[in-house]
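1. no sequence for this one, just the structure:
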């Protein structure tokens, strides 16, 4: 009889999930390295008085393709083979990173090609994410899904620590192009993992009268499902407001260069700080996520902590206090993210998971990307600290509103989860 896996990593006993988990760990490290390098690159290519708004525009060019493609990408994830969709998106993402590396090696001096390639990369990601998130629940049994989501969180946070930290070192020694090149190579690990999978279960058949295939009607079925569920809708709104108001990633080059004066290496660690907090929290959540009973109140209070830490970060003029605040932001965000994703996956039938994720992309990707634009505009007018402080206050106000208007979220517990067979 095979030996039982520890409860903390029980989802990894399933071969297909283990393959994609390892591949994504390496690929996300490259992606996070590129994200940090790209913001640093933009800050070097524009005049000092245009730096804040130029960094904010990165968020705008990333969210536009997500809004355009979110509906169709969710439908594609539910209608087509999800592994094949991922093979295409991972290949295209690798080509985008390669183009960034080649242009930078040739002496890129204008910022617009970075914006264009960022938009193309975001469009690819819009198709990648629904297929990837909808695939995971088919790779593990229902009882192991909370553990799989927690393991995915620790995967992402590990990459989010390693990627930016390495980016700071690589930029200081070899330049921005090397970070782009590493990311281009990293997508190969996910492609190999997908090719090695076998015996992936078939998706649930569509119910009688339900929409299937790639069509507008199928897309609207996903929208109706999301907005008819107060619980799923409220978790998406919290995701959007928390990241819109309390998103300060785009301003980190300004804090590193002008306020804290810590250079590229310090910038790399500030960029990685939220992931440090998230990583530590994920370690605790891996064995314990399924044991959190009062999931709704825990989500609300974790986002309150997110907003408070953001406000303190805005006031800080100490590198270590700033680092600690950003780490706490990451810790609270991880608690909220794991519980929100668990609720959404358990409350959504498999045939609609891709479309639910497509709609959710507008919220959880739109929040931080539009938030970066908002933060850049406010910082350009009133300064980066003012932008961060007011963003944290906005996060608290929005969280209070969503919690007050959604009683089911405030009282939601693990025992309330219903089998998603609708």
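-> Arrived safely. Every value quoted in this text rests on a predicted model; they were computed, and no experiment measured them.

2. Output the below-cut-off pLDDT ranges for the protein.
-> Residue ranges of the chain with pLDDT under 70: 1-5, 7, 201-216, 285-293, 364, 366, 413-422.

3. can you give me the strands in it?
-> Taking DSSP state E, the chain contains no strands at all.

4. ok, residues contacting stretch 374-385?
-> Residues outside stretch 374-385 that contact it (C-beta atoms under 8 Å, 6 or more residues apart in numbering): 52-57, 59, 244, 247-248, 250-251, 254-255, 258-259, 314-315, 386-388, 390-391. For the C-beta atoms, the positions are set from N, CA and C on the backbone; glycine is no exception.

5. Drop anything exposed from those.
-> Neighbour-count burial (16 or more other C-beta atoms under 10 Å) applied to the contacts of stretch 374-385 gives 52-57, 59, 244, 247-248, 250-251, 254-255, 259, 314, 387-388, 390-391.

6. In helices, which of the contacts of stretch 374-385 fall?
-> 52-57, 59, 244, 254, 314-315, 386-388, 390-391 (DSSP state H).

7. tell me which of those is nearest to residue 44?
-> residue 54 (10.3 Å; C-beta to C-beta).

8. measure that closest one to residue 139 for me?
-> Plainly put, residue 54 is 41 Å away from residue 139 if you go by C-beta to C-beta, to the nearest Å.

9. One more: residue 239?
-> Residue 239 is 24 Å from residue 139, by C-beta to C-beta.

10. returning to that earlier point: determine which two of the ones in helices among the contacts of stretch 374-385 are furthest apart.
-> Every pair of those checked by C-beta to C-beta; the farthest is 57 and 315, at 26.5 Å.

11. Tell me who's in contact with the residue nearest to residue 348 when sequence neighbours are not counted.
-> Among residues not flanking residue 348 along the chain, residue 356 sits closest, at 4.7 Å (C-beta to C-beta, 6 or more residues apart in numbering). Applying C-beta under 8 Å, 6+ apart to residue 356 gives the contacts 74, 222, 225-226, 232, 344, 348.

12. Mind checking which of the residues you listed land in helices?
-> Those of the contacts of residue 356 lying in helices (DSSP H): 74, 222, 225-226, 232, 344.

13. Can I get those in CSV including neighbour count and distance to residue 299?
-> Shown next, in CSV, are the ones in helices among the contacts of residue 356 (neighbours: other C-beta atoms under 10 Å; distance: C-beta to C-beta, whole Å):
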residue, neighbour count, distance to residue 299
74, 31, 23
222, 26, 23
225, 18, 20
226, 21, 17
232, 20, 12
344, 23, 11
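
14. Out of these, flag the one nearest to residue 407.
-> Nearest member of the ones in helices among the contacts of residue 356 to residue 407, counting by C-beta to C-beta, is residue 232, at 15.0 Å.

15. So the closest one sits against residue 349, correct?
-> No. Counting by C-beta atoms under 8 Å, residue 232 stays clear of residue 349, with 11.9 Å between them.

16. tell me, how many neighbours does residue 156 end up with?
-> Look at residue 156: counted by other C-beta atoms under 10 Å, it has 22 neighbours.

17. Check the gap between residue 95 and residue 281 for me.
-> 34 Å.

18. And for residue 89?
-> Look at residue 89 and residue 281: by C-beta to C-beta, they are 29 Å apart.

19. Residue 185 too?
-> Distance from residue 185 to residue 281, counting by C-beta to C-beta: 30 Å.

20. Which one of these two is surrounded by more residues?
-> Neighbours were counted for residue 185 and for residue 281 using other C-beta under 10 Å; residue 281 has more, 25 against 15.

21. and that one, what does it touch?
-> By C-beta under 8 Å, 6+ apart, the neighbours of residue 281 are 157, 330-331, 334-335.

22. mind checking how far it is from residue 335?
-> Distance, residue 281 to residue 335, using C-beta to C-beta: 6 Å.
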